[in-house]
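J.: would you be able to build a 3D model of this:
(one chain, ligands or ions: 1)
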Amino acid sequence: MSQRLLVVEDSKPIATVIKQIAQSLKFEVVIASNLAQVKSILATDKNFFAATIDYALPDANDGEAISYVLSHGIPSLVMTGKMDDETRQKILAQPVIDYIPKENSQAFLYLKRILHWQQVNHNSTILVVDDSSSARRHIVELLKRRNFTVVTANNGAEALERLKDHKNIKMVITDMEMPVMGGIELTNQIRRIYTREQLAVIGISGASNGIHSARFIKNGADDFLRKPFCPEEFYCRITQNIESLNNISKIQHAANIDYLTELANRRSFFNNAERRIKEYIDKKVPYCLAVIDIDFFKRINDNYGHNIGDQVLKIIALYIRKHFGSGLTARLGGAEFAVLLHGLDVDNLYNKLDDFRREIAVSNIIAGDHSLSIALSIGAVFDSTEVISKQMNDADNALHSAKENGRNQVVVFGAELED
Ligand SMILES: Nc1nc2c(ncn2[C@@H]2O[C@H](COP(=O)(O)OP(=O)(O)OP(=O)(O)O)[C@@H](O)[C@H]2O)c(=O)[nH]1
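T.: Purely as a prediction, here's the structure:
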């Protein structure tokens, strides 16, 4: 079911723009143009994800609609044409998500960003570290208003424990002076384990001495807030830091994932396989590296078109994901895939590869209106102690032997030379 947004706005053109923005974010929109309408809607229906509220309405000129909507437990964003400090203070004294001055079109872009973040922030866990329970409560309340998932700790040592327990924490907001372990030491410890791409740290201090911000930053913090801070500044810094973490993760995703099949790409496979292989060799774990290529794939493109070829690649990728779930899988390029498997003895690893080849050979691959027979050739290397690039070459050589020997078969590097 789509989330619902209550838009309280007396100007029809502005209500239409907000409605279009909200619909682009998949909200179902209900519009009220005055306080009386708000009251009549909320009398029977309070099921709203959020509300945008115009500060001045014909029958509620001084922000009365804000407290009314908030009293129904609906998270609210205030849109206002009034820019004076008194109005701003009055709005921010209430637990609103934010207020947006309707100065120009930037206001609507900002509204879209805030609504989007409100929808997705629950995916971001933030750790709040402060020995003062009231300071902690205040920050937690501000973060919950923005739908973040929040975890708390009393000091730096506890914070390190929380980080071990909650692997999905994206940001740490830490006070400076705390018993057991303070914020600077905590930041220092965090940076020994987590890069800035993995975890953002925001330092907070009440001290008026500006040197603390520099100390936090020099110890690896990404940002700093001086107490007492206003909610607006707090939200700007949190949003900015979470946005840059998300941008980094989008870039990393694009750099490591094959756009067509969503499997890892060649680069990511090499990096991860290299690390795992080292572990397998050190611990003497049996393992196998295999390169899988679709036989006569060019004919599929030539006979049915590129689009059907793409669909076949996606389907084979799904089969690979399903069959080799616990292993490392990738599309190396074209019709060539790679897997790194462990957890079985050599015979069973071989059987796993051959079972997969057989499964594809007997399946009907449905792409578009076509039911296709697909065969695979596989080249494999077992328990090699060579570097990954050499192992990939060896697996490729075994794959070429499989192609030359008639395709639709698994060839193990080394074994083909003995024949
Ligand atoms: N549809 C589609 N085709 C691709 C893509 N990338 C590469 N190809 C095509 O995949 C084909 C790869 O063919 P190969 O596996 O090298 O050779 P083949 O003759 O088809 O078959 P074998 O000799 O059995 O390997 C080429 O025709 C490429 O143009 C892609 O992303 N989508």
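J.: please name the nearest non-neighbouring residue to Arg321.
T.: Spatial nearest neighbour of Arg321, excluding adjacent residues (C-beta to C-beta, 6 or more residues apart in numbering): Thr329 at 6.1 Å. The way it works is simple: take the backbone N, C-alpha and C, and place the C-beta from them, glycine included.
J.: contact residues of the chain facing the ligand?
T.: 260, 293, 295-298, 301, 306, 309-310, 313, 334-335, 403, 407 (C-beta under 6 Å from any ligand atom).
J.: which of those count as buried?
T.: Asp293, Asp295, Phe297, Gly309, Leu313, Ala335, Lys403 (16 or more other C-beta atoms under 10 Å).
J.: surely the second one and Asn405 touch.
T.: Same thing as Asp295. No. Using C-beta atoms under 8 Å, Asp295 is not in contact with Asn405, being 11.8 Å away.
J.: tell me where the protein is predicted with low confidence.
T.: For the chain, the stretches with pLDDT under 70 are 207-210, 416-419.
J.: how is it partitioned into domains?
T.: Domain assignment of the chain by automatic domain parsing yields the ranges 4-118, 124-255, 266-418.
J.: OK, contacts around the residue in the stretch 301-419 of the chain positioned nearest to the ligand?
T.: For the stretch 301-419 of the chain, the residue closest to the ligand is Gly309, as judged by C-beta to the nearest ligand atom, at 2.7 Å. Applying C-beta atoms under 8 Å, 6 or more residues apart in numbering, one finds that Gly309 lies in contact with Phe297, Ile300, Asn301.
J.: any chance of these in a markdown table, plus secondary structure?
T.: Below are these laid out as a markdown table (DSSP: H, G, I helix; E, B strand; the rest coil):
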| residue | secondary structure |
| --- | --- |
| Phe297 | helix |
| Ile300 | helix |
| Asn301 | helix |
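J.: could these go into CSV alongside distance to Asn34?
T.: Formatted as CSV, the contacts of Gly309 follow (distance: C-beta to C-beta, whole Å):
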residue, distance to Asn34
Phe297, 64
Ile300, 62
Asn301, 62
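J.: tell me if Thr174 really is in a strand.
T.: Yes. Per three-state DSSP, Thr174 lies within a strand segment.
J.: helices or strands up against the helix or strand containing Ser401?
T.: Per DSSP states H and E, Ser401 falls inside helix 388-404. If contacts are counted by 3 or more C-beta pairs under 8 Å, 6 or more residues apart in numbering; DSSP states H and E, helix 388-404 sits against helix 266-283, strand 287-294, strand 376-382, strand 410-412.
J.: would you convert the ones you listed into CSV that also reports distance to Arg196?
T.: Putting those into CSV (distance: least, C-beta to C-beta, whole Å) gives the following:
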stretch, distance to Arg196
helix 266-283, 19
strand 287-294, 33
strand 376-382, 37
strand 410-412, 44
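J.: which one of the ones you listed lies closest to Ala317?
T.: Of all the helices and strands packed on helix 388-404, it is strand 287-294 that lies closest to Ala317, at 10.5 Å by C-beta to C-beta.
J.: got the angle between that closest one and strand 376-382?
T.: 160 degrees (axes from the mean of the first three to the mean of the last three C-alpha atoms, to 10 degrees).
J.: strand 287-294: how far from the chain's middle?
T.: Once both centres are worked out by C-alpha atoms, centre = their mean, to the nearest Å, strand 287-294 turns out to sit 29 Å from its chain's centre.
J.: begin at 52, not 1, for the rest of this chat.
T.: I'll keep to 52 as the first residue from here, and by that count the last item is strand 338-345.
J.: with only the CA atoms kept, save it in CSV.
T.: What follows is strand 338-345 as a C-alpha-only set of coordinates in CSV (Å, rounded to 0.1, in the frame of the first residue of the first chain):
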residue,chain,number,x,y,z
TYR,A,338,38.5,-24.8,-3.1
CYS,A,339,37.9,-24.3,-6.8
LEU,A,340,38.0,-21.4,-9.2
ALA,A,341,35.9,-21.9,-12.4
VAL,A,342,35.1,-19.9,-15.5
ILE,A,343,31.8,-20.6,-17.1
ASP,A,344,31.0,-19.7,-20.7
ILE,A,345,27.7,-20.0,-22.7
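J.: tell me the strands beside it, with direction?
T.: Using DSSP bridges, the strands paired with strand 338-345 are strand 387-393 (antiparallel), strand 427-433 (antiparallel).
J.: can I get the CA coordinates of the first one in PDB?
T.: This points to strand 387-393. Only the C-alpha atoms of strand 387-393 are listed here, as PDB (Å, rounded to 0.1, in the frame of the first residue of the first chain):
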ATOM      1  CA  GLU A 387      31.600 -15.400 -19.400                       C
ATOM      2  CA  PHE A 388      31.000 -15.900 -15.700                       C
ATOM      3  CA  ALA A 389      33.200 -16.900 -12.800                       C
ATOM      4  CA  VAL A 390      32.600 -18.800  -9.500                       C
ATOM      5  CA  LEU A 391      34.900 -19.400  -6.500                       C
ATOM      6  CA  LEU A 392      33.600 -22.300  -4.400                       C
ATOM      7  CA  HIS A 393      34.700 -23.900  -1.100                       C
END
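J.: residues in contact with the helix or strand following it?
T.: Moving toward the C-terminus from strand 387-393, the next helix or strand (DSSP H and E) is helix 397-413. With contacts defined as C-beta under 8 Å, 6+ apart, helix 397-413 is touched by 337-339, 341, 343, 367, 370-371, 374-375, 390, 392-393, 395, 424-427, 429, 431, 433-434, 459-461, 463.
J.: among these, name the buried ones.
T.: 337-339, 341, 343, 367, 370-371, 374-375, 390, 392-393, 425, 427, 429, 431, 433-434, 459-461, 463.
J.: neighbours of Ile190, how many?
T.: Residues lying near Ile190 (other C-beta atoms under 10 Å) number 22.
J.: just checking, it touches Leu178?
T.: No. Taking contacts as C-beta under 8 Å, Ile190 lies outside contact range of Leu178: 10.6 Å.
J.: overlap in contacts, those two.
T.: Ile224.
J.: ranges for the helices of the stretch 102-251 of the chain?
T.: 115-121, 136-143, 157-171, 184-196, 207-216, 234-244 (DSSP state H, counting those that start in this stretch).
J.: closest one to Ala83 among these?
T.: Closest to Ala83 of those is helix 115-121 (C-beta to C-beta; 8.5 Å).
J.: counting contacts, what elements does the closest one pack onto?
T.: strand 55-59, helix 86-95, strand 101-105, strand 127-131.
J.: done for today, thanks.
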